[in-house]
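Undergrad: fold the following and give me the result.
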Amino acid sequence: MLALDAPGALPADLALESTLTASSRVPITQRQRFSLTAILDFSFNRDEDQAALRRNLALPANANPRARALAESWRQADPDPQRLVQKALSLFSGAGFSYTLQPPLLGAHPVDDFLFVTQRGFCEHYASAFVVLMRAAGVPARVVTGYQGGEANPIDGFVVIRQSDAHAWAEVWLAGRGWTRIDPTAAVAPTRVESGIVAALPAGEPLPALIQLRSDWLRTLQFRWEAINNARNQYVLGYNPQRQREFLSRLGLSDPDWTHSNTVCVLGDTPAARDRRFKPGNVMVSHRNLDTAIVIERETGEIVWAWGPGTLSRQHATILLPNGHMLCFDNGTARKWSAVWELEPIERAIVWSYKGTPPESFFASALSNAQRLPNGNTFICSGSKPDHGRLFEVTPEGEIVWEYQNHYAAYAQGEKIVYRAYKYPPETIEPFLNK
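TA: Just a heads-up that it's a prediction; the model follows:
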């Protein structure tokens, strides 16, 4: 577990490691809450064990000879550890070094290549190169990884730490001071530390997928999503339905069903998986009341992709096809006509669609779905009024080759509807008929 800077008082079931990490004495197998205090002004291991200092001076034999020679020249000129630290930081802040998330590949001597050839990298490059220079100059040093930054959620006031806030820096051991934090990245890209990863990237460099989604409507959605997840973790599991509705109302959600999620699709291994947002195991969800389909990264719970506002209107059945495209029945409740969209999700490009002629001739205000058939046709269930359960199959060119109109009442006040429908080949159905 990571506390904000150095952990102070710890619960009885936690122990403080030599790296200022709090660790549980027993395996954690379920979600738990821990209360830790943080100390911002501290010194750590001023009387460090000599074996630990030797470990933090070790370097692979014969690796990165140019970096070792440079550090040795610094030490010969001035062996004072603090001035050696400043030498390395001045090297990074000088002309030539830049921060990027798309660094060139490095060779057999990666630190030499980084320092003297490419001079482009992110926090791990700067932290590891700094540590190699310090160790080669005789200053005990180590790489530290954790998180830097975070974002306050305006809905509930909690600070959210995301994977995009991951960071690497260094610590050096100084006599009389102990382990002292040094952030080499701040020497080349101070905005990375002060304002976050987005501000540090060069103009024109594409953002990582997890931090691309910055529009106001999506940020609001993400804040609400995270606030609800946090509230569930903190409190809501013990609430009765009435207290849950009261809590949602305090979030500004007068309707407890503010998303009306009507489809959940676990992504398989499709061509879209070349983009990590669509890797197998992530989850696509249709939020009908937000006119939005989203993808959630399974490991982190973060929304990594979203699409819909301006096109979708109360959609249903957003699924990922084997070809990596999204198929969606768009009810079009606001515009009074429906459509079926096939979307290439990485580029957000509609590559196929079906609409009525005229558009108003195909309309289901709710429910409904679409299914891509093995022959390339699309089976459509226009399930509610005014179509009242119209089932039909269309070719890729939009020609209707089969149609059935539901005549059976199955809803309040005798309304004729079909929630969803799927077409199966005879060999799938016959075993059930023969039982």
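
Undergrad: export stretch 384-391 to PDB, keeping only CA atoms.
TA: What follows is stretch 384-391, C-alpha atoms only, in PDB (Å, rounded to 0.1, in the frame of the first residue of the first chain):
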ATOM      1  CA  SER A 384     -41.700  -1.800 -29.600                       C
ATOM      2  CA  LYS A 385     -44.300   0.800 -30.900                       C
ATOM      3  CA  PRO A 386     -44.900   1.900 -33.500                       C
ATOM      4  CA  ASP A 387     -43.400  -1.200 -35.200                       C
ATOM      5  CA  HIS A 388     -44.700  -3.500 -32.400                       C
ATOM      6  CA  GLY A 389     -42.400  -6.400 -32.800                       C
ATOM      7  CA  ARG A 390     -41.400  -6.300 -36.500                       C
ATOM      8  CA  LEU A 391     -38.700  -8.900 -37.300                       C
END
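
Undergrad: contacts for it, please.
TA: 338, 362-368, 379-383, 403-406, 408, 415-418, 421 (CB atoms under 8 Å, 6 or more residues apart in numbering). Just so you know, the C-beta spots here come from the backbone N, C-alpha and C atoms, and that holds for glycine as well.

Undergrad: now list the buried members of these.
TA: Neighbour-count burial (16 or more other CB atoms under 10 Å) is assigned, among the contacts of stretch 384-391, to 338, 362-365, 367-368, 379-383, 406, 416-418, 421.

Undergrad: for stretch 168-188, the averaged confidence score.
TA: Stretch 168-188 comes out with an average pLDDT of 91.

Undergrad: for it, which positions count as buried?
TA: In stretch 168-188, counting by 16+ other CB under 10 Å, buried: 168-174, 178-180, 182-188.

Undergrad: ok, stretch 106-126 next?
TA: Within stretch 106-126, the residues that count as buried by 16+ other CB under 10 Å are 109-115, 118-126.

Undergrad: which one among those gets closest to residue 234?
TA: Checking the buried residues of stretch 106-126 against residue 234 with CB to CB, the nearest one is residue 123 at 31.3 Å.

Undergrad: you'd agree that closest one is up against residue 188?
TA: No: using CB atoms under 8 Å, residue 123 makes no contact with residue 188, being 9.9 Å away.

Undergrad: so which of the contacts of stretch 384-391 are in strands?
TA: Judged by DSSP state E, strands contain the following of the contacts of stretch 384-391: 379-382, 403-405.

Undergrad: okay if I get these as CSV plus pLDDT and distance to residue 330?
TA: Below are the ones in strands among the contacts of stretch 384-391 laid out as CSV (pLDDT from 0 to 100; distance: CB to CB, whole Å):
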residue, pLDDT, distance to residue 330
379, 98, 16
380, 98, 11
381, 97, 13
382, 96, 11
403, 96, 20
404, 95, 22
405, 94, 21
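
Undergrad: run through the protein and note the low-pLDDT ranges.
TA: Along the chain, the parts satisfying pLDDT under 70 run over 1-2, 30-31, 191-215, 235-248, 250-256, 410-414, 435.

Undergrad: same thing but at 80, please
TA: 1-13, 16-21, 25-44, 95, 149, 163-164, 189-219, 231-258, 409-415, 434-435 (pLDDT under 80).

Undergrad: what's the longest strand in it?
TA: Max-length strand for the chain by DSSP E is strand 166-174.

Undergrad: what does it contact?
TA: Applying CB under 8 Å, 6+ apart, the contact partners of strand 166-174 are 45, 48, 53, 56, 81-82, 85, 123-124, 127-128, 130-131, 134, 139-149, 179-185, 192.

Undergrad: domain parsing for the chain?
TA: 1-31, 43-205, 259-433 (automatic domain parsing).

Undergrad: to residue 225, which of those lies closest?
TA: Nearest to residue 225 among the domains of the chain is domain 259-433 (6.3 Å), distances taken as CB to CB.

Undergrad: next one: that closest one to chain centre, how far?
TA: In terms of CA atoms, centre = their mean, to the nearest Å, the centre of domain 259-433 is found 25 Å from the chain centre.

Undergrad: kindly report the same for stretch 63-72.
TA: In terms of CA atoms, centre = their mean, the centre of stretch 63-72 is set 38 Å apart from its chain centre.

Undergrad: buried set for it?
TA: Across stretch 63-72, burial judged by 16+ other CB under 10 Å covers 64, 67-68, 70-71.

Undergrad: break down the stretch 51-200 of the chain into its strands, ranges please.
TA: 98-99, 120-121, 141-147, 151-152, 159-160, 166-174, 178-182 (DSSP state E, counting those that start in this stretch).

Undergrad: now for residue 133: which residues touch it?
TA: With CB under 8 Å, 6+ apart, residue 133 has these contacts: 67, 70-71, 74, 88, 91.

Undergrad: quick check: longest helix of this structure.
TA: helix 216-234 (DSSP state H).

Undergrad: and that helix, what does it pack onto?
TA: For helix 216-234, the helices and strands in contact under the criterion 3 or more CB pairs under 8 Å, 6 or more residues apart in numbering; DSSP states H and E are strand 303-307.

Undergrad: partners of the strand it packs on in the sheet?
TA: strand 292-296 (antiparallel) (DSSP bridges).

Undergrad: drop anything exposed from the contacts of strand 166-174.
TA: The neighbour count (16+ other CB under 10 Å) marks 48, 56, 81, 85, 123-124, 127-128, 130-131, 134, 139-142, 144, 148-149, 179-180, 182-185, 192 as buried among the contacts of strand 166-174.

Undergrad: distance of the closest residue to residue 189 other than its chain neighbours from residue 372?
TA: The shortest distance from residue 189 to any non-neighbouring residue, by CB to CB, 6 or more residues apart in numbering, is to residue 99 (3.6 Å). Residue 99 sits 44 Å away from residue 372, going by CB to CB, to the nearest Å.

Undergrad: neighbour count for these two, which is higher?
TA: Ranked by neighbour count (other CB atoms under 10 Å), residue 99 and residue 372 place residue 99 first, with 22 against 18.

Undergrad: contacting residues around the closest residue to residue 173 other than its chain neighbours?
TA: Distances taken as CB to CB, 6+ apart place residue 140 nearest to residue 173, at 4.0 Å, with adjacent residues excluded. Going by CB under 8 Å, 6+ apart, residue 140 touches 48, 52-53, 56-57, 134, 172-173.
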